[in-house]
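Colleague: Based on what follows, work out the 3D shape:
(chains A, B, C and D)
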There are 2 protein chains.
Amino acid sequence: MTVASKTVSDVIHSHFGVLTRAEKQLAESLLDNYPVSGLGSITTIAENAGVSTPTVVRMVQKLGFKGYPDFQAHLHLEVEATISNPIAKHDRWAQNAPGTHILNRFADAIMSNLRQTLTDLDTATFDSVVSLLSDRKRGLYFVGGRITGALAEYFFTHMQVIRPATTLLSSNSSSWPQYALNMNAGDILIIFDIRRYEQEMVSLATAARKRGAEIVVFTDQWSSPAAKLARHAFRVRIEAPSAWDSSVVTLFIVEALIEAVQNSTWDETKERMKTLEGLFEQTKLFRKPG
Amino acid sequence: MTVASKTVSDVIHSHFGVLTRAEKQLAESLLDNYPVSGLGSITTIAENAGVSTPTVVRMVQKLGFKGYPDFQAHLHLEVEATISNPIAKHDRWAQNAPGTHILNRFADAIMSNLRQTLTDLDTATFDSVVSLLSDRKRGLYFVGGRITGALAEYFFTHMQVIRPATTLLSSNSSSWPQYALNMNAGDILIIFDIRRYEQEMVSLATAARKRGAEIVVFTDQWSSPAAKLARHAFRVRIEAPSAWDSSVVTLFIVEALIEAVQNSTWDETKERMKTLEGLFEQTKLFRKPG
DNA sequence: CGTCGACTGAAAATTTCTTTTCATGACAGT
DNA sequence: ACTGTCATGAAAAGAAATTTTCAGTCGACG
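Modeller: Now for the predicted structure:
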């Protein structure tokens, strides 16, 4: 008999009628807190159900599995399907792109990075950072390195629209001490530092901490040394089929943060954005009169 | 040592630094598709990671577990927490109520954007742009708007490492005419222009065309007016569950281009990068003597 | 009341998994 | 070049799990 695409739960239900007393007892136990209860060894689940191990073997064979390992393999697949995310199953990308094309390979890598990053990412961390960034009493300072400078700038540009008191540090580290000097207790320093890590980031972070600033770090899975000084750190997967690291997932998180912050302070942001729109229009008029 | 309430994932991360090569390899394998990948037997996961079973045992002990069964028991508890308690830490990718957290909704949107963009994208266009950018006889000019300026800068920073004759135009449009004046026939102007489109982009593109430059445009699905003047245009999906447009997929294409260009001119790029690395090192020595 | 058939778990047999031991090879420091 | 340290996996030893065997139990039915 084949168990094909039906879930283990389905199979148990459909066979419930032909099960014996001890087997029904076992089935109940398995369905209770399904499918996690089937994760352990045959001994464990036999004990939990209050039956003997041979009963387990007989039942899974009656259900159509080859043996207990086979049964458990099916269960594992189900757990995986339950836990793992929707983006895991991306079928064919661009049909016109052959499988080996760089675009496809890149897409695969980015998918995997995104999936892993989100798996590791604690939503509580994310939410905490959002509320930190939403607090208008705190000044925001953004800094990035040679490559990540663009990300810092992107983040900064948006936050500057959303709220006041945002500053972008030049990517030239010699000016950093002056910025640190201006920081007040409760201010936030957002650091982008992925390998190869910049030496001066640690000094900057230390100086900021001394001034009482909170630190949020965007780094890679191997963690910048500056992350040790941070209140919150985002460990992003950055590997790509390339000589360079990928910033795509980092940008993803930045954009999600932007939206979340904007959303949490919408009432205040709304007016601000309207005013700003007006200013932009005015600037254009100044430059192109008529 | 106790591993108490920290998740296995946390423990792996916090120990990542002290892991050896094979152990890191194993850790990667475990974190990939965590926590499901740790469900099988020690033999299975060792095979999946391409390491020996003793390595597995040594690592889990190094992580503070009593042995593999202990390690797996913790993992099982986490799986249980994940599945049976939707509000638990791992509720992202929510199985029952998909897309409640902003991260989920963003991920869905980006996935969809990426898929659609790749479906619409002609690989021939991509490859043509790669060969244009790989041609060292052509000068490269990058320009972006208020928001997209960061993308232009990111692209520029990488290309500057890979090849000579790259220029980043200031995002202040008043200086653009001077840059246009310097362009030669065959040079390439890479424009980032997504809604709301910048008026001056068309003027710049027109001026560049007059000088004989080729134009490559990154725009959105509604197309910047500058795209009409372009040799090649990337129409990227930019919609996000946000008041802002998403640049994630644009950055994706930029990174793919960077890799493809680097790859197609690796022999020349190699030496160049080595020299550059040396220069960076030297700079550091200058800044931090001793 | 006796017989039969089916169910069940104890225990043995078997298989698989986990842990330990140990030889090898790589590498840093002398 | 030598030496000691460490990482690694093959293989053996040990432990546990899985499957099979088998005898005891129970109820159905004559």
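
Colleague: Identify the residues contacting the residue of the stretch 151-290 of chain A found nearest DNA strand D.
Modeller: For the stretch 151-290 of chain A, the residue closest to DNA strand D is A:W222, as judged by Cβ to the nearest atom of the strand, at 16.0 Å. Backbone N, C-alpha and C define where each C-beta goes, glycine included. A:W222 makes contacts with A:195, B:16-17, as judged by Cβ atoms under 8 Å, 6 or more residues apart in numbering or on different chains.

Colleague: Let me see the ranges of the helices in the stretch 151-290 of chain A.
Modeller: Taking DSSP state H, counting those that start in this stretch to define them, one finds helices in the stretch 151-290 of chain A at A:176-182, A:199-210, A:248-264, A:266-287.

Colleague: Least reliable of these by average pLDDT, please.
Modeller: In terms of mean pLDDT, the lowest-scoring of those is helix A:266-287 (a mean of 67).

Colleague: ok so, going back, nearest approach to A:T117 belongs to which of the helices of the stretch 151-290 of chain A?
Modeller: Nearest to A:T117, of all those, is helix A:248-264, at 5.1 Å by Cβ to Cβ.

Colleague: all strands of the stretch 1-150 of chain A, in order?
Modeller: Secondary structure of the stretch 1-150 of chain A by DSSP state E, counting those that start in this stretch: the strands cover A:140-143.

Colleague: Which residues are in contact with A:D70?
Modeller: Residues counted as contacts of A:D70 (Cβ under 8 Å, 6+ apart) are A:V60.

Colleague: how near is it to DNA strand C?
Modeller: In this view, A:D70 and DNA strand C are 11 Å apart by Cβ to the nearest atom of the strand, to the nearest Å.

Colleague: Tell me the pLDDT of that residue.
Modeller: 90.

Colleague: just to revisit the earlier point, most neighbours, which of the contacts of A:W222?
Modeller: B:F16 (17 neighbours; other Cβ atoms under 10 Å in any protein chain shown).

Colleague: what about the closest residue to that residue other than its chain neighbours, distance to DNA strand C?
Modeller: Residue nearest to B:F16 in three dimensions, not counting chain neighbours: B:A27, with 6.4 Å by Cβ to Cβ, 6 or more residues apart in numbering or on different chains. Noted for B:A27: a distance of 16 Å to DNA strand C, by Cβ to the nearest atom of the strand.

Colleague: so B:A27 touches B:M59, yeah?
Modeller: Yes - counting by Cβ atoms under 8 Å, B:A27 touches B:M59, with 7.1 Å between them.

Colleague: of the contacts of A:W222, closest to B:S203?
Modeller: Closest approach between the contacts of A:W222 and B:S203, by Cβ to Cβ: A:R195, at 40.9 Å.

Colleague: do you know how far the nearest residue to the closest one once chain neighbours are set aside is from A:G144?
Modeller: Among residues not flanking A:R195 along the chain, A:D220 sits closest, at 5.8 Å (Cβ to Cβ, 6+ apart). Relative to A:G144, A:D220 is positioned 13 Å away (Cβ to Cβ, to the nearest Å).

Colleague: and if you look at A:G40?
Modeller: Using Cβ to Cβ, A:G40 is found at 47 Å from A:G144.

Colleague: More neighbours: the two, which one.
Modeller: Using other Cβ under 10 Å as the criterion, A:G40 and A:G144 rank with A:G144 on top: 26 against 16.

Colleague: Let me see the contact set for the more buried one.
Modeller: Residues in contact with A:G144 (Cβ under 8 Å, 6+ apart) are A:150-153, A:171, A:191-193.

Colleague: residues contacting the closest residue in space to it that isn't next to it in sequence?
Modeller: Among residues not flanking A:G144 along the chain, A:A152 sits closest, at 3.3 Å (Cβ to Cβ, 6+ apart). When contacts are counted by Cβ under 8 Å, 6+ apart, A:A152 touches A:142-144, A:168-169, A:171, A:190, A:192.

Colleague: One more: A:V248?
Modeller: Going by Cβ under 8 Å, 6+ apart, A:V248 touches A:110, A:113-114, B:248, B:251-252, B:255.

Colleague: Among these, which one sits closest to B:E239?
Modeller: Sorting these by how near they are to B:E239, with Cβ to Cβ, puts B:V248 at the top with 11.0 Å.

Colleague: hmm, back to that, the contacts of A:W222 into TSV, with extra columns for distance to DNA strand D and pLDDT?
Modeller: Below are the contacts of A:W222 laid out as TSV (distance: Cβ to the nearest atom of the strand, whole Å; pLDDT from 0 to 100):
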residue	distance to DNA strand D	pLDDT
A:R195	20	78
B:F16	13	83
B:G17	11	81
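
Colleague: residues in contact with A:L77?
Modeller: With Cβ under 8 Å, 6+ apart, A:L77 has no contacts at all.

Colleague: Get me the contact residues on chain A for DNA strand C.
Modeller: Selection of chain A residues close to DNA strand C by Cβ under 7 Å from any atom of the strand yields A:20-23, A:50-55, A:58, A:69.

Colleague: Now the buried members of these.
Modeller: By neighbour count, with 16 or more other Cβ atoms under 10 Å in any protein chain shown, the residues of chain A next to DNA strand C hold A:22-23, A:51, A:55, A:58 as buried.

Colleague: ok so, going back, save the contacts of A:V248 as TSV, and put in distance to A:S264 too.
Modeller: As requested, the contacts of A:V248 are exported to TSV (distance: Cβ to Cβ, whole Å):
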residue	distance to A:S264
A:I110	28
A:N113	27
A:L114	23
B:V248	21
B:L251	25
B:F252	28
B:E255	30
